[in-house]
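K.L.:
Fold the following, please.
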Amino acid sequence: MAQDFSFDVVSKVDMQRVSEGVQTALKEILNRYDFKDTRSNIELKEKESLLVLESADEFKLKALFDVLATRLSNRGVPLKNFTPQKAEASLGGRARQQVTITQGVPTDKAKEIVAELKKSGLKVQGSIQADQVRVASRSKDALQQAMTLIKGKDFGLALQFTNYR
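P.N.:
Presented below is the predicted three-dimensional model:
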């Protein structure tokens, strides 16, 4: 019997690099004139995969997010996995915004990936396993075509390929 080959499609964000990006952004904010006396802050909650941005008003909040996004992209962190929530008013007339960090492939996106693989007509099988998608086939060429197909389509997440077998 022929051996099946496979790979996993995952979406992970390196939290160490996010932490470094947050620290660098905070240092830049302390030195920038437009953030003087705004008491702007970025808090990383690694357990919840969440960033909390806080500043004087919504305009400063947007500028704060732009500084953070620049610092994260300089470190190679995919910004597609960051989803900013709506800004809300907090105590003292300040503005606060939460940014969720997507770890893993959500079920709805995984279903999209599997459906796209089926629709393509390639001889591959896609299966959803927790927060990743396993793609299997008897042909390595079909797997390479599946990778190219997945890379070519935008699923709204930064996808990586791991666990080649």
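
K.L.:
correct me, but A130 touches G104?
P.N.:
Yes. A130 is within contact range of G104, at 7.3 Å (criterion: CB atoms under 8 Å). For the C-beta atoms, the positions are set from N, CA and C on the backbone; glycine is no exception.

K.L.:
show me the residues around the nearest residue to D14 once chain neighbours are set aside that make contact.
P.N.:
Take D14 and drop its neighbours on the chain: the residue closest to it by CB to CB, 6 or more residues apart in numbering is V77, 6.7 Å away. Applying CB atoms under 8 Å, 6 or more residues apart in numbering to V77 gives the contacts 13-14, 17-18, 21.

K.L.:
just to confirm, which helix or strand has V67 in it?
P.N.:
helix 58-74 (DSSP states H and E).

K.L.:
Now do the helix or strand that that helix is followed by: everything it contacts.
P.N.:
Per DSSP H and E, the first helix or strand lying C-terminal to helix 58-74 is strand 82-84. Here strand 82-84 makes contact (CB under 8 Å, 6+ apart) with 51, 65, 69, 72, 97-102.

K.L.:
Take those residues and keep only those in helices.
P.N.:
Among the contacts of strand 82-84, the members falling in helices (DSSP state H) are 65, 69, 72.

K.L.:
Mind pulling up the pLDDT for the residue lying closest to S139 once chain neighbours are set aside?
P.N.:
Spatially, and ignoring its direct neighbours in sequence, S139 is nearest to K123 (6.5 Å; CB to CB, 6+ apart). Looking at K123, its pLDDT reads 90.

K.L.:
K123: neighbour count?
P.N.:
13 (other CB atoms under 10 Å).

K.L.:
For it, give me its contacts.
P.N.:
Contacts of K123 (CB under 8 Å, 6+ apart): 137-139, 142.

K.L.:
How much space separates it from Q129?
P.N.:
Per CB to CB, to the nearest Å, K123 is found 20 Å from Q129.

K.L.:
neighbours around K153, how many?
P.N.:
Considering only other CB under 10 Å, K153 is surrounded by 12 other residues.

K.L.:
residue contacts, it?
P.N.:
Residues in contact with K153 (CB under 8 Å, 6+ apart) are E116.

K.L.:
what's around E46, how many residues?
P.N.:
12.

K.L.:
Against D34, how distant is it?
P.N.:
Note on E46: its distance to D34, by CB to CB, is 29 Å.

K.L.:
Show me the shaky parts of this protein.
P.N.:
1-3 (pLDDT under 70).

K.L.:
those helices in the chain, which residues are they?
P.N.:
Under DSSP H, the chain gives helices at 15-31, 58-74, 107-120, 140-152.
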